[in-house]
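Colleague: Here is a sequence with its predicted model. Questions after.
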Amino acid sequence: MSNVKIGESLKRFEDHRFLTGHGRYIDDVNLDGQARAVVVRAAYAHAALKSIDTSAAMDMDGVLLVVTRDDWQREGFKPMPTKSGVKNNADGTPLKEPPRHCLAIDRVRYVGEPVALVVAETLSQAQAAAEMVEVDYEELPAVVDPVEALKPGAPQLWDDIPNNLCLNFELGDKAGTDKAFAEADHVVSLDVLNNRVTAVPIETRGCVAAYDAAADKYTLWNASQNVHANRDTFAEVLNIDKSQLDHIAPDVGGGFGAKNSGYPEPPLCLYAAKRLGRPVKWINSRSESFLSDTHGRGQMSRVELALTKDGTFLGLRTTTVGGIGAYAWTVGPFTPTGGSARTQGGPYNFPAMHYWGRAVFINTAPMDPYRGAGRPEATFQIERIVEYAARKLGFDPIELRRKNLMPKEMLPHKTPMGLDVDSGDFPLLFEETLKMADKADLGALRAKTESAGKKFGFAVAPYLECTGGGPKEHAGVTFNKDGSIELSVGTSSTGMGHETSLAQILAANLGVEMDRIKFRQSDTTATPLGGGHGGSRGMEVGGNAVQQAAQEIIELAKPVAARLLQSETNEVEFEDGTFKAGASSVSMNDVIDASMDKDKLPEGMEEGCLDHSSVFERGVISIPNGVHAAAVAVDPDTGTVEFLGYWVMDDFGTIINPMLADGQVMGGVAQGIGQALLEDIVYDPETGQLVTGSLMDYGLPHADEIPNMEIGYYEGAPTKKNPLGVKGAGEAGCVGACPAAVNAVLDALKDYGVTHIDMPLTPQKVWKAIQAKGAFDPKGLLGDAA
């Protein structure tokens, strides 16, 4: 019998496999007779495609096939479907969804857009031949700034989409918010940039495609976060039934949203595999990843705060312009609109709020989810305007926040943005975070920092988000005669530890040993449906699917246990892995064994009767929340920032495995710090060429730049929105980190008059702000666009 409990910090089962080199990632997948593919990508941000000459490439040694737009159009393949979470403009008209084909047809609209696929015997042969594909471009004007793209006379990406506007979205009470601002004693306004970033997972994207002509069936191995949704997308593109495509993800080395959606390359490889009658393998290079992976964030916002004389919040008004790239790709239009609107106001008590967001086409790679997909942006907006208002109006930043947090007694509460906040204790977490930081003796840290000629800064950032992702999830459990138990799920772990945490839920419920559980995920042949990984849904939806399946198995097992106990089924009770009837008991393991022996089963039950699949469907999203605090030292001579301490208090409801939760928070904080201080996707404003196209140009934080963190959890308010009481944890670190880091740096610079710097706060930008004595234009980003 297992002693495993929910809430234990169990070490990850999968780590031994990874650390000993037995992980199997996409580049480890090799099939007999496979050919290698290379993508020819657009050299211009915006250009008409006049002609494509493949003759020289086809004459190269080893070249088997060059796929161009002519092949794609001849086959009648469909554009890739848009799956935006927001479908309509504020006036009810539909958003603009221009067709995105796997290969550019009439024009290229961003540098790196696929133009052709070259397939050869070897990778080097394919790379050489790709250089020989001659593309005749007629360069067109490009625009990479979404505010500029909205202006009259700006270059138009799509002839039938005026002003490059994909989606015009509003949420909240405009009239009520305008009234609150009219009656306010103070109104403070600030333009903030949420800089464009890319995920840079340690493993790049890639796939291996195969086709079985006899069965008229495809198999795709793909570094994907969401095999079921991607399968459906690729099947739609190729005009086949989804039953004709098996989609499998091996171990995936990070995703962070960039591997969630379908991409053009897998359908191209599937088509090439059928044409050639042999498997085709494609692996993205790191430089190609910067060009072709989806990007995240990339929003410009004007945030306005209305307050009374004593600092009580009256209203919040936000205007956002988000550049979504050349196409309306899945979550891209949603992030600067509905994704950023829902959690406006954070954990503060706002009587009135209004959000106006526009998603704008620009000549860049498409946008899609990046860890948080709108919630980090919303938190950054509110926390920057609160900090800025405190500095400008003379309030203590901590006291201003403390004064306006929603009290526990106010919950459950529906915010003016329609978000149902069901549980939590925001003031408690705020105070507990401050206590954690106080234990580090901030006064002593300040004195030590200043004695070294540096400036000390401290900031605290409460956050609130909403999580859940796709609402349905599958869990299947099979009991084998060798004693093993197979757990198959539709979620996808890209490093989160699901092999441990989901098995922990099953083991804790059934009372079986964890080492008997064999984990299977990301395989459409094993699970009929699945939502993959996104929106912090692993435990909230996947964990509850396992919980539900386990509880249903217990009910299925009671008649078997009754037979063994020589009792009636309604007399059997189950607790801690044991079935009891009166003074007699039998373990779950004994019942599992009996379920495979016909002679021990009740009449009408067959061997394998405990094998069971369950589909869990969540009703509503959960509301995780918490507080981040950061202490920094800034060198005024160089602008460099050093973290002296970092503290986090989170409310994730029930914690399944605290050690794994720590890992998720730490990883999210690291990514948030990276965006706050270093990371920035930059396109040349004139040519649309990507400037930050390699790890030599795109700054990622090193391990020694990430602070040690002290993390605490509050489990006193589990949500009632799901049986486990869990709230999503995967994106929370990213949500709170940017404002905590940025506001701490600005606190350190207050003596220089610096009240705002746009992310990333690189040493050069910090130094320049000091030299400028804080001078900046608070309406310098949106101008008249707000």
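Modeller: Yes, it's here. All figures in this text were calculated on a predicted structure; none of them were measured in a lab. Residues are numbered from 1 along each chain as shown.
Colleague: The spatially closest residue to residue 782 that is not a sequence neighbour in helix, strand or coil?
Modeller: For residue 782, ignoring the flanking residues on the chain, the nearest one in space by CB to CB, 6 or more residues apart in numbering is residue 302 at 4.9 Å. (Each C-beta comes from the backbone N, C-alpha and C, glycine too.) Residue 302 carries the three-state label strand when classified by DSSP: H, G, I helix; E, B strand; the rest coil.
Colleague: Nearest residue to the middle of the chain?
Modeller: residue 371 (3.1 Å; CA atoms, centre = their mean).
Colleague: Now do the strands in the stretch 251-400 of the chain.
Modeller: 280-283, 295-296, 299-307, 313-323, 352-360 (DSSP state E, counting those that start in this stretch).
Colleague: go on, the stretch 501-650 of the chain?
Modeller: Using DSSP E, counting those that start in this stretch, strands in the stretch 501-650 of the chain cover 517-520, 573-575, 578-581, 584-587, 612-617, 625-634, 641-651.
Colleague: quick one, which of those strands is packed in tightest?
Modeller: strand 625-634 (a mean of 29; mean count of other CB atoms under 10 Å).
Colleague: other SSEs contacting it?
Modeller: Under the contact criterion of 3 or more CB pairs under 8 Å, 6 or more residues apart in numbering; DSSP states H and E, strand 625-634 touches helix 426-438, helix 442-451, strand 455-464, strand 641-651, helix 732-748.
Colleague: ok, now with 6 Å
Modeller: On a contact count with 3 or more CB pairs under 6 Å, 6 or more residues apart in numbering; DSSP states H and E, strand 625-634 meets helix 426-438, strand 455-464, strand 641-651, helix 732-748.
Colleague: Now do the longest one: distance to the chain's middle.
Modeller: When you say that, I think you mean helix 732-748. How far helix 732-748 lies from its chain's middle: 19 Å, per CA atoms, centre = their mean, to the nearest Å.
Colleague: Quick check: the residue nearest to the centre of the chain vs residue 728, distance?
Modeller: Distance, residue 371 to residue 728, by CB to CB, to the nearest Å: 12 Å.
Colleague: my read: residue 72 touches residue 103, true?
Modeller: Yes - using CB atoms under 6 Å, residue 72 is in contact with residue 103, at 5.1 Å.
Colleague: quick one: residue 115 and residue 40 touch, right?
Modeller: Yes - between residue 115 and residue 40 there is a contact at 4.9 Å, judged by CB under 6 Å.
Colleague: Give the residue from these two that has the larger number of neighbours.
Modeller: Remark: of residue 115 and residue 40, residue 40 carries more neighbours, 24 against 21, as counted by other CB atoms under 10 Å.
Colleague: can you pull the buried residues of whichever strand or helix holds that one?
Modeller: Of the helices and strands defined by DSSP states H and E, residue 40 is found in strand 35-41. Buried residues in strand 35-41, counted by 16 or more other CB atoms under 10 Å: 35-41.
Colleague: mind listing what's buried in the following helix or strand past that strand?
Modeller: Moving toward the C-terminus from strand 35-41, the next helix or strand (DSSP H and E) is strand 47-53. Within strand 47-53, the residues that count as buried by 16+ other CB under 10 Å are 47, 49, 52.
Colleague: Beta-bridge partners for the second one, please?
Modeller: Counting by DSSP bridges, residue 49 forms beta bridges with residue 137.
Colleague: mind pulling up the phi and psi values for residue 73?
Modeller: Main-chain torsions, residue 73, degrees, to the nearest 10: phi -70, psi -40.
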